[in-house]
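In: I'd like to go over a predicted model; first the sequence, then the structure.
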Amino acid sequence: MESSRKQRWRQLQSVFEPGFSRMLLISLLLHILLPVLYFTPLFPKGEPLKPPVYRVNLVNKPVKNPQAGRPEAVATKKPAPPKPEPKPAPVKPKPLPPKPKPEPPKPEPKPIPKPEPPKPEPKPEPPKPKPAPKPAVKPKPEPKPSVSKAQENALQKRLEQLRKKAEQKQAEEDRKARLEALRVAAAAESQQIESPVKDAPVGMLDGKGDEAGVAAAEFVREYIQQQWSLSQYQISGSPEAEVLLFYSTSGALQHYRFLEKSGSSIFDDSLIRAINKSKQLNQPLPEAMEFHIVFNLKEMMDRR
C-alpha cells in the first residue's frame, strides 16, 4: 500500500516540470500584491492649486486682453494740461467822430380847423314802474333718516377696521423702505474696494495684454456675485456648479444653461436668482461673448 502511494507521487512529480511549485507560489503572491498596489497609492495626490480669490472693482471697464495690474485698482485720471493764457487783443485805432448831419427843414404850420357847434342832448325817457315781487316759498325740510344704534355700532366697527388696515399697510411700506435702504447701503459699501498696492494700474494679475481694464469673465463673475445672497448656515459642504452664459455687446443676458449642477437645490436656486438679477450689466462688453464660469460656495463666501 505504501509503495503504491510513493509510485503515484513520483508519477505526479515526473508530470510537472522542475520548479513548478516555486512558480506557482510566485504567481499566487503576484495575484495578491497587484490589487493592493493598484488601490493603494504610494504617493498621495495633492489637491490642484486654484487661482487666488480676488475682488474685481465693477467701475473698471471689461476688456478682452487686460494688461498686468490689479483688478480692484481704480484708474487715476491724468491731470488736464494747463490751458494757455489768452493773448491780449490787438489795440484797434479809435474811430474818427462822425460828421454832423445837416438839419432837416422845419415843417410849415398847418391851419387849425374851426370847431363844429355842439348837438342838442336827447331828453331822458321817464322810468317804467317795477312789478311787485312775489313772496318766496320756503322749501319744506326733508325728514332725516333715522339710524339705529346697531347700525351706528357697525359703522364705527367698519371704520376702525379700515383705520387699522391702513396703519398696517403704511407700517409694511415703511419696513420695505428701510430694508431697501439698508440693501442699497450694503451694496454701495461692498463695492468700495481698495487695492493693497497704491497707484497700481488697472489689469489682471496674470494679464499679458495691452488694454487697461479687467477680464470680461471675471467682471461677469463679480457682478453675479454682487447679486448673490445665501447664508452659510443654510447649506453645508462646498457645492460647485458650472454655468454657460451668453451676453450681448450691450451687456444684456441672452440666455444661460447649467453644464453641471451642484447637487444642492438650495445652492442652485440661489445661483439662478443671482443670474436673473444680472440680466443687464452696468457696463457694455467688448463684443458679444460666451462665458463658462464655475461658481463655488467657498469662493463666493470668501469674496464677501
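Out: In hand now; what should we look at?
In: Which parts of this protein are helices?
Out: 2-15, 20-39, 149-190, 216-227, 265-277, 297-302 (DSSP state H).
In: Save the ones you listed as TSV, and put in distance to residue 67 too.
Out: Quick note: C-beta positions are derived from backbone N, CA and C, even for glycine. As requested, those are exported to TSV (distance: least, C-beta to C-beta, whole Å):
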stretch	distance to residue 67
helix 2-15	81
helix 20-39	49
helix 149-190	26
helix 216-227	14
helix 265-277	29
helix 297-302	24
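In: Of these, flag the one that's most buried.
Out: helix 216-227 (a mean of 20; mean count of other C-beta atoms under 10 Å).
In: would you put the C-alpha positions of that helix in PDB?
Out: Extracted as PDB, the C-alpha positions of helix 216-227 are listed here (Å, rounded to 0.1, in the frame of the first residue of the first chain):
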ATOM      1  CA  ALA A 216     -14.600  90.200 -19.100                       C
ATOM      2  CA  ALA A 217     -15.200  86.800 -17.500                       C
ATOM      3  CA  GLU A 218     -14.100  88.000 -14.000                       C
ATOM      4  CA  PHE A 219     -16.200  91.100 -14.400                       C
ATOM      5  CA  VAL A 220     -19.300  89.000 -15.100                       C
ATOM      6  CA  ARG A 221     -18.400  86.600 -12.200                       C
ATOM      7  CA  GLU A 222     -18.000  89.500  -9.800                       C
ATOM      8  CA  TYR A 223     -21.300  91.200 -11.000                       C
ATOM      9  CA  ILE A 224     -23.300  88.000 -10.400                       C
ATOM     10  CA  GLN A 225     -21.500  87.600  -7.000                       C
ATOM     11  CA  GLN A 226     -22.800  91.100  -6.000                       C
ATOM     12  CA  GLN A 227     -26.400  89.900  -6.700                       C
END
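In: ok and it relative to helix 265-277, angle-wise?
Out: 110 degrees (axes from the mean of the first three to the mean of the last three C-alpha atoms, to 10 degrees).
In: what helices or strands is helix 216-227 leaning on?
Out: strand 62-63, helix 265-277, strand 289-296 (3 or more C-beta pairs under 8 Å, 6 or more residues apart in numbering; DSSP states H and E).
In: mean pLDDT lowest for which of those?
Out: Across the helices and strands packed on helix 216-227, strand 62-63 has the smallest mean pLDDT, namely a mean of 89.
In: returning to that earlier point: tell me which of the helices and strands packed on helix 216-227 lies nearest to residue 176.
Out: helix 265-277 (17.4 Å; C-beta to C-beta).
In: Dump the closest one to PDB, restricted to CA.
Out: Taking C-alpha atoms only, helix 265-277 is exported to PDB below (Å, rounded to 0.1, in the frame of the first residue of the first chain):
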ATOM      1  CA  SER A 265     -31.100  72.600  -4.800                       C
ATOM      2  CA  ILE A 266     -30.600  75.500  -2.300                       C
ATOM      3  CA  PHE A 267     -27.300  76.500  -3.800                       C
ATOM      4  CA  ASP A 268     -28.600  76.100  -7.400                       C
ATOM      5  CA  ASP A 269     -31.700  78.100  -6.700                       C
ATOM      6  CA  SER A 270     -29.700  80.900  -5.100                       C
ATOM      7  CA  LEU A 271     -27.400  81.000  -8.100                       C
ATOM      8  CA  ILE A 272     -30.400  81.100 -10.500                       C
ATOM      9  CA  ARG A 273     -31.800  84.100  -8.600                       C
ATOM     10  CA  ALA A 274     -28.400  85.900  -8.800                       C
ATOM     11  CA  ILE A 275     -28.200  85.300 -12.600                       C
ATOM     12  CA  ASN A 276     -31.700  86.600 -13.100                       C
ATOM     13  CA  LYS A 277     -30.800  89.800 -11.300                       C
END
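In: got the contact list for that helix?
Out: Contacts to helix 265-277, defined as C-beta atoms under 8 Å, 6 or more residues apart in numbering, come from residues 224-225, 227-230, 234-235, 239, 241, 243, 245, 253, 256, 258, 261-262, 295, 297.
In: what's the closest of the helices of the chain to residue 290?
Out: helix 216-227 (9.6 Å).
In: Do me a favour and average the pLDDT over the closest one.
Out: Computed over helix 216-227, the average pLDDT equals 90.
In: Give me the angle between it and helix 149-190.
Out: 150 degrees.
In: What angle do strand 289-296 and helix 216-227 make with each other?
Out: Using the same axes, to 10 degrees: helix 216-227 against strand 289-296 is 50 degrees.
In: pretty sure residue 250 is in contact with residue 284, am I right?
Out: Yes - taking contacts as C-beta atoms under 8 Å, residue 250 lies within contact range of residue 284: 5.4 Å.
In: Which one of those two is surrounded by more residues?
Out: In this view residue 250 and residue 284 are compared by other C-beta atoms under 10 Å, and residue 284 has more residues nearby, 14 against 11.
In: All set, thanks.
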